[in-house]
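J.: Next come a sequence and a model predicted from it.
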Amino acid sequence: MLENTTLAPASVHGATTTREARAQQFKVMALKMRRNTSAMIGLVLLILIFAAAIFAPWLATHDYTTQDLANRLAMPSAAHWLGTDELGRDIYSRLLYGGRITLYIACLTALISAPIGLVVGVVSGYFGGWIDMILMRITDIFLALPSLILALAFVAALGPSIENAIIAISLASWPPIARLARTETMMIRKTDYIAAVRLQGASSWHILLHHIVPTCIPSVIVRLTLNITSIILSAAGLGFLGLGAQPPSPEWGAMLSSARQFILSNGHIAAAPGIMILLTSIAFNLVGDGLRDVLNPRQE
């Protein structure tokens, strides 16, 4: 009883110390992020874009599916802030709801591709040998084709829809993450720290899960943030070709596709979704660059 009473406060103190250390580390990272002007600009843009998508039902001025053929191709006005499209639908309201679809595709694709790439890269880099050869050759096959072409092939086989577009883009997005995780793992497994853990009797899977994977996660997060730009462009490309979100869904790429025939006469129809794709891509790139500076322990 006395022994248990003595150990309990020490355990609580150790947990408290760990939490305090993590809190202090988070404060230092947040301070570095705040000092990065471009990263903060990107973060503000992302917050505004996500907020507009989340609160679209309250921010929209019209029903994004309602057609008004008598008011088609209208210029921006007090009634329609960004004008109307070829079917008289309010472009501003469609942009808000289109942001939901685009961000949904980007975020879900990132959540699917990141674990796949991380697992493949870590297992390949740690075990090496024939496992590394097989996994990396499969990765090379996926890397040999442009991501959009690969996504087009998968969507053509699965059929056009948002869900199939997510699966297709995910299958085309994991190889760069796998390459990065493999490189990180090959450097980490040679360190004295991992050798000491191995000498203490830890199994390979314990080392992978508790020591190597946590070390690789920051680099994967940075790479994933930068990859979201290509994911957004791939989603817009599929929508532009009619293989992503289907009408009347107001996906930005699909909006560009329907507006391309009016670019010369009514450029504002195509400009609105194009600018949103550009701003979202730039915002993710700026945040990714900031995270790279903050999460890179080698850069001081």
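T.: Yes, it's here.
J.: only C-alpha atoms for contact and neighbour calcs from this point on.
T.: Will do.
J.: For this structure, give me the ranges with low pLDDT.
T.: Regions of the chain meeting the criterion pLDDT under 70 cover residues 1-18, 21-22, 296-300.
J.: Following the longest helix along it in sequence, what is the next regular element?
T.: Ordering each helix of the chain by length in residues (DSSP state H) puts helix 91-127 first. Counting by DSSP states H and E, the next helix or strand C-terminal to helix 91-127 is helix 129-143.
J.: What angle do helix 91-127 and that following helix make with each other?
T.: 160 degrees (axes from the mean of the first three to the mean of the last three CA atoms, to 10 degrees).
J.: From the rest of the structure, what touches helix 129-143?
T.: Contact with helix 129-143 is made by 120, 123-125, 150, 172, 175-176, 178-179, as judged by CA atoms under 8 Å, 6 or more residues apart in numbering.
J.: same thing but 6 Å
T.: 124, 175 (CA atoms under 6 Å, 6 or more residues apart in numbering).
J.: Grab the nearest non-local neighbour of Ile231.
T.: Ala106 (5.9 Å; CA to CA, 6 or more residues apart in numbering).
J.: Kindly report the same for Leu208.
T.: Val122 (7.4 Å).
J.: Next, count neighbours for Val263.
T.: Small correction: residue 263 is Ile, not Val. By other CA atoms under 10 Å, the residues close to Ile263 number 14.
J.: Now it. Its backbone dihedrals?
T.: Ile263 adopts backbone torsions of phi -60, psi -40, taken as degrees, to the nearest 10.
J.: what separates it from Gly242, distance-wise?
T.: Distance, Ile263 to Gly242, using CA to CA, to the nearest Å: 18 Å.
J.: ok, now Ala172?
T.: For Ala172, the distance to Gly242 - CA to CA - is 19 Å.
J.: of these two, who's got more company?
T.: The neighbour count for Ala172 versus Gly242, taken as other CA under 10 Å, is higher for Ala172 (26 against 17).
J.: Quick check, that one in contact with Ser147.
T.: Yes. If you go by CA atoms under 6 Å, Ala172 and Ser147 touch, sitting 5.2 Å apart.
J.: ok, Leu45 - contacts?
T.: Counting by CA under 6 Å, 6+ apart, Leu45 touches Ala283.
J.: meant to ask about Ser124, not that
T.: Counting by CA under 6 Å, 6+ apart, Ser124 touches Asp132.
J.: just so I have it, where are all the helices in the stretch 151-300 of the chain?
T.: In chain order, the stretch 151-300 of the chain shows helices spanning 162-188, 192-199, 204-207, 213-240, 252-259, 267-295, with DSSP state H, counting those that start in this stretch as the criterion.
J.: Show me which positions of the fourth one end up buried.
T.: In other words, helix 213-240. Neighbour-count burial for helix 213-240, with 16 or more other CA atoms under 10 Å as criterion, is recorded at 213, 215-240.
J.: what angle do that helix and helix 252-259 make?
T.: 20 degrees.
J.: what's helix 213-240 packed up against?
T.: Applying 3 or more CA pairs under 6 Å, 6 or more residues apart in numbering; DSSP states H and E, one finds that helix 213-240 makes contact with helix 252-259, helix 267-295.
J.: Let's see that with 8 Å instead.
T.: Counting contacts by 3 or more CA pairs under 8 Å, 6 or more residues apart in numbering; DSSP states H and E, helix 213-240 packs against helix 91-127, helix 147-158, helix 162-188, helix 252-259, helix 267-295.
J.: What lies in contact with the shortest one?
T.: Spelled out, it's helix 252-259. Residues outside helix 252-259 that contact it (CA under 8 Å, 6+ apart): 85-86, 95, 98-99, 102, 235-242, 244-247, 269-270, 273-274, 276-277.
J.: Fine by me, thanks again.
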